[in-house]
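K.L.:
Sequence and predicted structure below; questions after.
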Amino acid sequence: MLIGVLSDTHDRLPAIVAALEQFRTLGIEEVIHCGDVVAPFAAKLLAEYRGRLHLVYGNNDGERPGLREILPQMIDGPLKLEIAGRRILVHHFIEWCRPADVAGAEIILTGHTHRAAVDCQNGKLFVNPGECCGWVSGRCTIAVVDLSANRAEIVEITP
């Protein structure tokens, strides 16, 4: 089973549209956003996705009442999920993850740094999809995680 992961969209609407279109093309029904949607107008695009959407707040998600109105499932991390039998931990920043939460997860999804990374340590898959917005690096990236193979791919998108 594939899941889609994005983070740090920072209100860049064309990038959000491109990311969601890529997920639709791949038939992805579970999407995880690792924080920094930023404003409610951007949240509206995410809310339109026809699948399950899981989100955590990031450090730039300041307009929480507006975001919560559109995306009531958005929470402060950590978010612990089980999808297709895999234990997944979601938080905005890896350094905000408690060691006990990491120990109990098989897949750890974070954002914040705007740097895409996939790493396997001690049998755990760590994924940072990078920045969907592309504001810092100039690259708009997302991740596709294959739960059955325990691997992830960073995908560059074009807004």
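P.N.:
On my side now, so go ahead. Numbers count the residues shown, from 1 in each chain.
K.L.:
how about the strands in the protein?
P.N.:
Listed in chain order, the strands of the chain (DSSP state E) span 2-6, 30-33, 52-55, 79-83, 86-90, 107-109, 117-121, 124-128, 140-146, 151-157.
K.L.:
Among those, show me which one is buried the most.
P.N.:
A comparison of the strands of the chain by mean neighbour count, using mean count of other CB atoms under 10 Å, puts strand 2-6 on top with a mean of 27. Every residue, glycine included, has its C-beta placed from N, CA and C.
K.L.:
Scan this protein for its longest helix.
P.N.:
Scanning the chain for the helix with the most residues, using DSSP state H, yields helix 13-25.
K.L.:
and it with strand 2-6, angle?
P.N.:
Interaxial angle of helix 13-25 relative to strand 2-6 (axes from the mean of the first three to the mean of the last three CA atoms, to 10 degrees): 170 degrees.
K.L.:
quick one: contacts of helix 13-25?
P.N.:
For helix 13-25, contacts defined as CB atoms under 8 Å, 6 or more residues apart in numbering pick out 4, 6, 9, 31, 41-42, 45-46, 48-51, 132-134, 140, 142, 155, 157-159.
K.L.:
returning to what we had before: pipe the strands of the chain into JSON lines and attach mean pLDDT per row.
P.N.:
Output for those, formatted as JSON lines (pLDDT from 0 to 100):
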{"stretch": "strand 2-6", "mean pLDDT": "98"}
{"stretch": "strand 30-33", "mean pLDDT": "98"}
{"stretch": "strand 52-55", "mean pLDDT": "98"}
{"stretch": "strand 79-83", "mean pLDDT": "98"}
{"stretch": "strand 86-90", "mean pLDDT": "98"}
{"stretch": "strand 107-109", "mean pLDDT": "98"}
{"stretch": "strand 117-121", "mean pLDDT": "97"}
{"stretch": "strand 124-128", "mean pLDDT": "98"}
{"stretch": "strand 140-146", "mean pLDDT": "98"}
{"stretch": "strand 151-157", "mean pLDDT": "98"}
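K.L.:
Mind putting these into CSV with distance to residue 65?
P.N.:
Below are the strands of the chain laid out as CSV (distance: least, CB to CB, whole Å):
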stretch, distance to residue 65
strand 2-6, 23
strand 30-33, 18
strand 52-55, 15
strand 79-83, 20
strand 86-90, 22
strand 107-109, 25
strand 117-121, 32
strand 124-128, 28
strand 140-146, 27
strand 151-157, 30
